[in-house]
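[1] Sequence first, predicted coordinates after that:
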Amino acid sequence: MQKHRKKKQYRKIIIGVSALGIVGVPTAAMACFDTGGDDTGRTRTVSHQAQRPWQYQPSGSPDLMVPVDVPTAPSSPAAPAQPVEETSRPAQTQPPQAEPPQAQPPQAAPRPAKPPVTKQPQAPQPPKTSPAPAPAASGSVAAVLALVNQERAAAGCQAVTLNAKLTKAAQDHSADMAAHSNMSHTGSDGSDPGTRITRAGYAWSTYGENVAYGYSTPEKVMEGWMNSPGHRENILNCSFKEIGIGLAQPNHYWTQNFGTAR
């Protein structure tokens, strides 16, 4: 059995390489770790608050018309009595004068009807979005996840949860390695782990990556990783909160992507 360790420095990323010889099956593993350029592994947070003022003021009620009494016109003065001439003709009497009609007070104007109140249509509210549920682990992925959390529990670390974006980054890298028969932390397009994790949509404050090939079962690849100081350090790093796991064929190319979101 031979072991080989190679250190490669980029953006303060420590890469360790170890190889384990199994009869008839070539196996190898590599590990890298990045704290985002800060050896203390501090996280960055971003907060955002927004306020939208609003106000509403109702319109005034329409004025009401108030009836006004109009004084009654005074009746005409009575005409003076005419003297009666003493003649042989019979006395004539004046016909009664018709009384002028009395003025009627003006009627109150009808109260104008209130215009109907039209409610402004409310803008449709965007549907509430909930965080994407963690993908359900199955098969080899579920087995590796269980073994990782078993080792973390023994070391006093919190269990990591499977993250869909980290899983996509891990699976894409495993497929890329298998397609080019090349185990490396550098993708065929020249990408490093941080670039691939970011490209998958994961906003990280720190991350780590383990890769391996040739191990046919989850138990064997985990044994190989735990026997390598660099890989073991990633698996037992208590600052990591989430994980993505990928496996591609042929030749069993494995990827673990650990991360802590900003």
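    Received it, and whenever you're ready, just let me know what you need. Note that the coordinates shown come from a computational prediction; the quantities given were computed from them, not determined experimentally. Residues are numbered from 1 along each chain as shown.

[2] Only alpha carbons, please: show stretch 168-177 as PDB.
    Below are the C-alpha coordinates for stretch 168-177, written out as PDB (Å, rounded to 0.1, in the frame of the first residue of the first chain):
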ATOM      1  CA  LYS A 168     -26.600  19.400  -7.800                       C
ATOM      2  CA  ALA A 169     -23.000  20.800  -7.600                       C
ATOM      3  CA  ALA A 170     -21.700  17.400  -6.300                       C
ATOM      4  CA  GLN A 171     -23.600  15.300  -8.900                       C
ATOM      5  CA  ASP A 172     -22.600  17.500 -11.800                       C
ATOM      6  CA  HIS A 173     -18.900  17.300 -10.700                       C
ATOM      7  CA  SER A 174     -19.100  13.500 -10.300                       C
ATOM      8  CA  ALA A 175     -20.600  13.200 -13.800                       C
ATOM      9  CA  ASP A 176     -17.900  15.500 -15.200                       C
ATOM     10  CA  MET A 177     -15.100  13.500 -13.600                       C
END
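
[3] any idea of the mean pLDDT in that stretch?
    Taken as a whole, stretch 168-177 has a mean pLDDT of 98.

[4] residues in contact with that stretch?
    183-184, 187-188, 193, 196-197, 199-202, 209, 211, 213, 244-248, 253-257 (C-beta atoms under 8 Å, 6 or more residues apart in numbering). Heads up, the C-betas are built off the backbone N, CA and C, glycines and all.

[5] check which helix or strand covers Tyr207.
    strand 204-213 (DSSP states H and E).

[6] okay, the angle between the helix or strand that that strand is followed by and strand 204-213?
    Per DSSP H and E, the first helix or strand lying C-terminal to strand 204-213 is helix 218-226. Put simply, helix 218-226 runs at 120 degrees to strand 204-213, going by axes from the mean of the first three to the mean of the last three C-alpha atoms, to 10 degrees.

[7] Export helix 218-226 to PDB, keeping only CA atoms.
    Taking Å, rounded to 0.1, in the frame of the first residue of the first chain, the C-alpha atoms of helix 218-226 are listed here in PDB:
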ATOM      1  CA  PRO A 218     -20.800   3.800   0.500                       C
ATOM      2  CA  GLU A 219     -19.100   2.000   3.400                       C
ATOM      3  CA  LYS A 220     -15.800   1.600   1.500                       C
ATOM      4  CA  VAL A 221     -15.600   5.200   0.300                       C
ATOM      5  CA  MET A 222     -16.400   6.500   3.800                       C
ATOM      6  CA  GLU A 223     -13.700   4.300   5.200                       C
ATOM      7  CA  GLY A 224     -11.200   5.700   2.700                       C
ATOM      8  CA  TRP A 225     -12.200   9.200   3.500                       C
ATOM      9  CA  MET A 226     -12.100   8.700   7.300                       C
END
